[in-house]
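Q: got a sequence here, can you model it:
(one chain, ligands or ions: 2)
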Amino acid sequence: MSSKTPNHTFKLVLLGDGRVGKTSLVVRYVNNVFSEKQEATVQASYLTKRLVIGGVPVTLSIWDTAGQERFHALGPIYYRDADAALLVYDITDSDTFLRVRKWVKELQQMASRDIVMAIAGNKSDLVRSKKYDIQEAESYATSIGARLFVTSAKSGTGIDEVFLEIATRLLQKKKESTEGLIPVPPRKGILIVDDEPEIEPPPKCCS
Ligand SMILES: Nc1nc2c(ncn2[C@@H]2O[C@H](COP(=O)(O)OP(=O)(O)OP(=O)(O)O)[C@@H](O)[C@H]2O)c(=O)[nH]1
Ligand SMILES: [Mg+2]
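A: Ligands and ions are numbered 1, 2, ... in the order given. Presented below is the predicted three-dimensional model:
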């Protein structure tokens, strides 16, 4: 990488119920491996992934949080200054989708207002011939400005796509916000003069 090429680093947090496959998704994405015996995360773990989007190097700092209820209160530590959140549920267990809704509510109240969100319906390999119903999840995702991806950490389906979508949106957003910050040069021939100081009227008295 040339020293002139800026590296864009973004913080991404994974949230979702226990055992939905958050760690498996990250480990598949970063190391391209999968374990049937993936152990439950304690507190959180951290991995980074470098990718290049349209010639622009991007680094994702990925915080994979623990989904077990007893770790719920730690959430804000990880999402507080996150640029993006990937909300994960298990498409074979509708209760885990309720947990996604809960996290989204919490993010909408507590996280950065313009946090980028995406939803992954994981474990698609467990459902034969696409018999899963993602209509509700899809319209919910649209209602919160997120995209829904059907993934399988086991088979690798949809993994690159979901992380790429998040990184692309983050890069786009950053580009838009920095473009807005480029100072506009003053137009030639215009002299800006301070307003004349206003003279206070004498106090009214005794009418
Ligand atoms: N069949 C199948 N199993 C999966 C998939 N993703 C994860 N698993 C399995 O589901 C179990 C839980 O996966 P984890 O990745 O540990 O889930 P987690 O969301 O990180 O769980 P916590 O760390 O407790 O929050 C493990 O036995 C995984 O092997 C998948 O896409 N397909
Ligand atoms: Mg985990």
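Q: all helices for the chain, in order.
A: Under the criterion DSSP state H, the chain carries helices at the ranges 22-31, 75-79, 95-110, 135-143, 159-181.
Q: which one of those lies closest to ligand 2?
A: helix 22-31 (3.2 Å; Cβ to the ion). C-beta here means a position set from N, CA and C on the backbone, and glycine is covered the same way.
Q: which strands and helices sit next to the closest one?
A: Taking 3 or more Cβ pairs under 8 Å, 6 or more residues apart in numbering; DSSP states H and E as the contact definition, the neighbouring helices and strands of helix 22-31 are strand 8-16, strand 44-53, strand 56-65, strand 84-90, strand 116-122, helix 159-181.
Q: tabulate those (TSV), appending mean pLDDT and mean neighbour count.
A: Formatted as TSV, the entries for the helices and strands packed on helix 22-31 read as follows, by pLDDT from 0 to 100; neighbours: other Cβ atoms under 10 Å:
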stretch	mean pLDDT	mean neighbour count
strand 8-16	98	22
strand 44-53	97	14
strand 56-65	97	20
strand 84-90	98	27
strand 116-122	98	26
helix 159-181	91	15
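Q: identify whichever of the ones you listed lies nearest to residue 100.
A: Of all the helices and strands packed on helix 22-31, it is strand 84-90 that lies closest to residue 100, at 4.6 Å by Cβ to Cβ.
Q: can you tell me the strand partners of that closest one and which way each runs?
A: When pairing is defined by DSSP bridges, strand 84-90 lines up against strand 8-16 (parallel), strand 116-122 (parallel).
Q: wait, which of those strands is closest to ligand 2?
A: Closest of those to ligand 2 is strand 8-16, at 8.2 Å (criterion: Cβ to the ion).
Q: give me the contacts around that closest one.
A: Where contact means Cβ atoms under 8 Å, 6 or more residues apart in numbering, the residues beyond strand 8-16 that reach it are 22, 25-26, 56-65, 67, 75, 78-79, 81-89, 96, 99-100, 103, 107, 163, 166-167, 170-171, 174.
Q: near ligand 1, which of those show up?
A: 22, 67 (Cβ under 6 Å from any ligand atom).
Q: got the residues of the chain near ligand 1?
A: Applying Cβ under 6 Å from any ligand atom, we find that the chain lies next to ligand 1 at 16, 18-24, 35-36, 38, 40-41, 66-68, 122-123, 125-126, 152-154.
Q: need the residues of the protein near ligand 2, please.
A: Taking Cβ under 5 Å from the ion as the measure of proximity, the chain contacts ligand 2 at 22, 23, 41.
Q: no more questions from me, cheers.
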